[in-house]
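Enquirer: What follows is a protein structure lacking sequence information:
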Ligand SMILES: Nc1ncnc2c1ncn2[C@@H]1O[C@H](COP(=O)(O)OP(=O)(O)OP(=O)(O)O)[C@@H](O)[C@H]1O
Ligand SMILES: [Mg+2]
């Protein structure tokens, strides 16, 4: 962001003369507005100066006034003069776009990518819960700031929001860079919905996970052309991250047909965001269910076993990762061959290892990880399809009380 290395030039603006802006400190600008570094009520703020003839600013202010959520930018005050309207907002450190561009003052803000994505989604979920469509989700409209050392994400720019009921498409005048994040229905001027925001959110996910890329091409024109034409996205840039867990989620978020996309609440429930404890309880519940129920989805699990563990015994894969000496110990001490050789046996083993993990022997810990979480990380990276495939198969019992927390 600009406006850091200079002598500020403060000017009072608005009818009541209580807002100050630094005319040399510009944070950003768009078609109808310019955002300045400012001071209000003795605190540093951002002041969005809007040209009222070019913008439906009333809608933006009215929306901001209604909103109160940790992941939405804080609104403080509005004033105007003959020329402009001024919206006073809590000042953030930078935008997500600044982070992706690796600008100077963005250091460390994007270290925990998944947490940032989770927070953006939580902000959008809040908007949708109030029947508001953002319609302009892209990295310049996501702000980041540090509060007491913790990175907090704030969704901003409510210049083109709409109530869900109004449900019509966006005008080309707000396109610009944002166009790279538009859904097919926006580009085709078709009816939009919450799912259109989900598409844009998916592109923000991809961008964060790939250092600023798009799965639809390298330059703006290509991206827009490919999204409009419904060309399949290319996920190669993110496929090796987080065991590939983001890919199935992105496939659904970026579905050309909006009815097949998830809602934001489903996005937040996805295993990409699960912590190791949740992964463990899921595997444990799956394994217990498989022990007690001999029919579906056990049959399906048996059918996809090879896909997950390959054609050999799962232990063979585990053992090929170990040194010879460890293999002998492994076989002797853990008597591993008593378990089934397919994915059902593998899940049972993970479940059994996870129980009272702290009391497991040093030898085992040397092999599969010091803590239960490390064991899970080791096993899920050795078998990256274990969680995604098991999760898909267990969809059929998602209404069962043991599984409702996971779907
Ligand atoms: N509260 C804030 N704190 C710090 N920087 C901000 C803040 N609000 C906006 N900015 C910066 O200014 C840029 C433009 O702000 P914003 O997105 O609200 O306006 P815009 O895109 O010009 O709006 P519009 O699309 O309504 O014309 C942002 O991308 C961000 O870099
Ligand atoms: Mg903007």
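Expert: Noted; the coordinates are in hand. Note that the coordinates shown come from a computational prediction; the quantities given were computed from them, not determined experimentally. Residues are numbered from 1 along each chain as shown. Ligands and ions are numbered 1, 2, ... in the order given.
Enquirer: Run through the strands of the stretch 51-200 of the chain in chain order.
Expert: 75-80, 85-90, 94-95, 132-133, 142-147, 150-155, 162-163 (DSSP state E, counting those that start in this stretch).
Enquirer: Check which helices and strands the first one is in contact with.
Expert: On a contact count with 3 or more C-beta pairs under 8 Å, 6 or more residues apart in numbering; DSSP states H and E, strand 75-80 meets helix 57-66, strand 85-90. In short, each C-beta sits where N, CA and C put it, glycine included.
Enquirer: JSON lines please, covering those and showing distance to residue 228.
Expert: What follows is these, written out as JSON lines (distance: least, C-beta to C-beta, whole Å):
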{"stretch": "helix 57-66", "distance to residue 228": "27"}
{"stretch": "strand 85-90", "distance to residue 228": "33"}
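Enquirer: With respect to residue 362, which of those lies nearest?
Expert: Among the helices and strands packed on strand 75-80, strand 85-90 comes nearest to residue 362, with 51.1 Å by C-beta to C-beta.
Enquirer: Could you see whether ligand 1 lies near that closest one?
Expert: Yes - contact of strand 85-90 with ligand 1 (C-beta under 6 Å from any ligand atom) involves 89-90.
Enquirer: Look through every helix and strand of the protein and give the one with the lowest mean pLDDT.
Expert: helix 324-334 (a mean of 63; mean pLDDT, DSSP states H and E).
Enquirer: next helix or strand past it?
Expert: Per DSSP states H and E, helix 324-334 leads on to helix 343-354 as the next helix or strand towards the C-terminus.
Enquirer: Packed most tightly, which of the strands of the stretch 51-200 of the chain would that be?
Expert: strand 94-95 (a mean of 24; mean count of other C-beta atoms under 10 Å).
Enquirer: Quick one: list the elements packing against it.
Expert: When contacts are defined as 3+ C-beta pairs under 8 Å, 6+ apart, strand 94-95 packs onto strand 142-147.
Enquirer: Name every strand pairing with the strand it packs on and say which way it goes.
Expert: strand 94-95 (antiparallel), strand 150-155 (antiparallel) (DSSP bridges).
Enquirer: what sits up against the first one?
Expert: By that I understand strand 94-95. Strand 94-95 has contacts (C-beta atoms under 8 Å, 6 or more residues apart in numbering) with 1, 28, 103, 105-106, 109, 139-144.
Enquirer: Considering those, which is situated nearest to residue 406?
Expert: residue 142 (27.6 Å).
Enquirer: now the residue lying closest to that closest one once chain neighbours are set aside: how far from ligand 1?
Expert: Distance criterion C-beta to C-beta, 6 or more residues apart in numbering; nearest residue to residue 142, sequence neighbours excluded, is residue 96 at 3.9 Å. Separation of residue 96 from ligand 1 (C-beta to the nearest ligand atom, to the nearest Å) stands at 9 Å.
Enquirer: and residue 96, what pLDDT?
Expert: The model reports residue 96 with a pLDDT of 97.
Enquirer: close enough to count as contact, it and residue 208?
Expert: Yes - counting by C-beta atoms under 8 Å, residue 208 is a contact partner of residue 96 at 7.3 Å.
Enquirer: So which of those two has more stuff around it?
Expert: residue 96 (25 against 22; other C-beta atoms under 10 Å).
Enquirer: Ligand 1 contacts on the protein?
Expert: Checking the chain against ligand 1 by C-beta under 6 Å from any ligand atom, the hits are 1, 27-33, 35, 46, 48, 73, 89-92, 95, 140-141, 143, 156-157, 159, 174.
Enquirer: The strand or helix carrying residue 388 versus helix 343-354: what angle between them?
Expert: For residue 388, the host element (DSSP H and E) is helix 386-393. Angle, helix 386-393 to helix 343-354, by axes from the mean of the first three to the mean of the last three C-alpha atoms, to 10 degrees: 120 degrees.
Enquirer: tell me the mean pLDDT for helix 386-393?
Expert: For helix 386-393, the per-residue pLDDT averages 97.
Enquirer: got a list of what the residue in the stretch 51-200 of the chain positioned nearest to ligand 1 touches?
Expert: Residue of the stretch 51-200 of the chain nearest ligand 1, by C-beta to the nearest ligand atom: residue 159 (2.5 Å). Residue 159 is in contact with 30, 32-33, 55-57, 59-60, 136, 174, counting by C-beta under 8 Å, 6+ apart.
Enquirer: What of residue 91?
Expert: 37-38, 44-46, 145.
Enquirer: quick check, nearest of those residues to ligand 1?
Expert: Nearest member of those to ligand 1, counting by C-beta to the nearest ligand atom, is residue 46, at 3.3 Å.
Enquirer: Cool, thanks, signing off.
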